[in-house]
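> A structural model of the following input is requested.
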Amino acid sequence: MTTTNVLASKAVLANVSVSMWTARKFDKKVTDETNARHHADPDAGRWNKLLVAKKDIAELTSLAGAARLYHYAVTLPWADRGPRLLPTEAFMRHTELRKMKADFDKLADTFCKHYPAIVADAKTRLNGMFNAADYPDPSVIRSKFAFEIEYLPCPDANDFRVSLGQEVMDEIKSDLEARMGSAVDTAMSNVRERIVDVVGHMAEKLKGYAPGMKGKRAENTFQDSLVDNVRDLVDLLPSFNLTDDPKLDALIKKMRDKLCAVDAEELRDNEHERKYVAKQAAAILKEAQEFLA
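The predicted structure follows:
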């Protein structure tokens with residue numbers, strides 16, 4: 001099966017775009033006054049106003065960031081910008097973004113409903129720095145918030161349906177095959193880099209951990225997420241193996257069997273288990289690094 005056939009049958013392109021009013025504004029007047037008061041150069045600093053109280057927009061900002069991170073977590077690189085590669089086996093995971101979109105839209109509606117009161121509050125909060133021109137009109141503020149999810153099929157070099165000469169068609173097909181091959185290589189390299197990052201972090205933390213003794217605090221402690229992050233990655237990795245690489249399958253199995261069987265609490269309390277998992281993590285890390293060599 002060619003590279004284009006592999007991607008066309010195993011993945012789609014997914015694009016998530018989240019935009020929102022930043023509620024920040026550069027204030028040239030305050031910047032000039034501040035730099036002058038401190039006898040600093042005119043370009044020594046910049047003063048950016050937070051136009052509304054943090055509490056009024058914090059949930060929207062947090063959700064927008066979480067959505068972008070989640071999208072990147074369950075997809076693979078496709079191009080420098082725009083859509084990312086979404087394996088079909090991970091599609092249902094990606095639909096969690098639909099709930100995030102619904103929550104985002106609800107929060108945006110609530111923000112816009114209270115927007116006039118929020119602006120009125122800003123007059124008091126900013127006092128002399130308040131400038132009504134910094135605030136979008138209530139009639140357009142909702143358009144400043146958008147959360148879009150788009151799915152597209154992967155291109156297939158064998159499915160061009162345009163009237164071009166055979167020589168041109170062959171050139172296009174050859175170019176697309178090369179680009180798709182490069183995309184697969186990039187995606188699989190990203191998979192291995194994720195393994196190196198997560199497993200490497202586990203190996204480092206377990207090796208450096210020293211439990212508290214005789215009233216002393218533990219050194220180089222780690223959170224439960226140390227194991228949870230490995231488990232989350234192991235759950236995703238099978239769907240990311242676009243090339244059905246048996247070596248990657250074997251590596252995933254080792255991660256599941258050797259690194260995910262013991263909870264973080266037991267790793268902190270049980271020196272024998274901690275040393276064993278640390279040793280296994282180091283061995284798996286070395287194997288994953290050989291993939292990237």
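
> is I149 located within a helix, as I assumed?
No - counting by DSSP: H, G, I helix; E, B strand; the rest coil, I149 is not found in a helix; it is strand.

> gap between the residue nearest the centre of the chain and L63?
Taking CA atoms, centre = their mean, the centroid of the chain lies closest to L69, which sits 2.6 Å from it. In this view, L69 and L63 are 11 Å apart by CB to CB, to the nearest Å. In short, each C-beta sits where N, CA and C put it, glycine included.

> do W47 as well
Taken as CB to CB, the span from W47 to L63 is 28 Å.

> kindly report the same for W21.
Taken as CB to CB, the span from W21 to L63 is 14 Å.

> and what of V18?
Counting by CB to CB, the gap from V18 to L63 is 8 Å.

> for these two, list the residues in contact with both.
F104 (CB atoms under 8 Å, 6 or more residues apart in numbering).

> related to what we said a few turns ago, more neighbours: W47 and L63, which one.
Under the criterion of other CB atoms under 10 Å, the comparison of W47 against L63 puts L63 first, with 20 against 16.

> which residues are in contact with the more buried one?
Applying CB under 8 Å, 6+ apart to L63 gives the contacts M100, D103, F104, L107.

> where does the stretch 151-293 of the chain have low pLDDT?
The stretch 151-293 of the chain contains residues with pLDDT under 70 at 156-181, 214-215, 292-293.

> where along it do the strands fall?
Taking DSSP state E, counting those that start in this stretch, the stretch 151-293 of the chain contains no strands at all.

> I'd like the distance between the spatially closest residue to K10 that is not a sequence neighbour and P87.
Among residues not flanking K10 along the chain, L242 sits closest, at 5.5 Å (CB to CB, 6 or more residues apart in numbering). The gap separating L242 from P87 is 6 Å, by CB to CB.

> overlap in contacts of those two?
Common neighbours of L242 and P87 (criterion: CB under 8 Å, 6+ apart): K10, A11, L76.

> can I get the residues you listed in JSON lines including neighbour count, pLDDT and secondary structure?
Below are those laid out as JSON lines (neighbours: other CB atoms under 10 Å; pLDDT from 0 to 100; DSSP: H, G, I helix; E, B strand; the rest coil):
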{"residue": "K10", "neighbour count": "19", "pLDDT": "85", "secondary structure": "helix"}
{"residue": "A11", "neighbour count": "27", "pLDDT": "86", "secondary structure": "strand"}
{"residue": "L76", "neighbour count": "25", "pLDDT": "92", "secondary structure": "strand"}
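
> now the residue nearest to the centre of the chain: how far from N15?
Taking CB to CB as the measure, L69 falls 15 Å from N15.

> for N190, same thing?
From N190 over to N15 the distance is 17 Å, taken as CB to CB.

> ok, the residue lying closest to R84 once chain neighbours are set aside - contacts?
The shortest distance from R84 to any non-neighbouring residue, by CB to CB, 6+ apart, is to T75 (3.8 Å). Shown in contact with T75 (CB under 8 Å, 6+ apart): A14, R84, L85, L86, A90, H94.

> where's T75 relative to L126, distance?
As defined by CB to CB, T75 lies at a distance of 40 Å from L126.

> okay, now the unreliable bits of the stretch 1-150 of the chain?
Residue ranges of the stretch 1-150 of the chain with pLDDT under 70: 1-6, 80.

> the closest residue to L259 other than its chain neighbours: neighbouring residues, count only.
Nearest residue to L259, sequence neighbours excluded (CB to CB, 6+ apart): V230, at 5.1 Å. Residues near V230, counting by other CB under 10 Å, number 23.

> same question, F104
Residues contacting F104 under the criterion other CB under 10 Å number 22.

> now it: how far from P138?
For F104 relative to P138 (CB to CB), the value is 20 Å.
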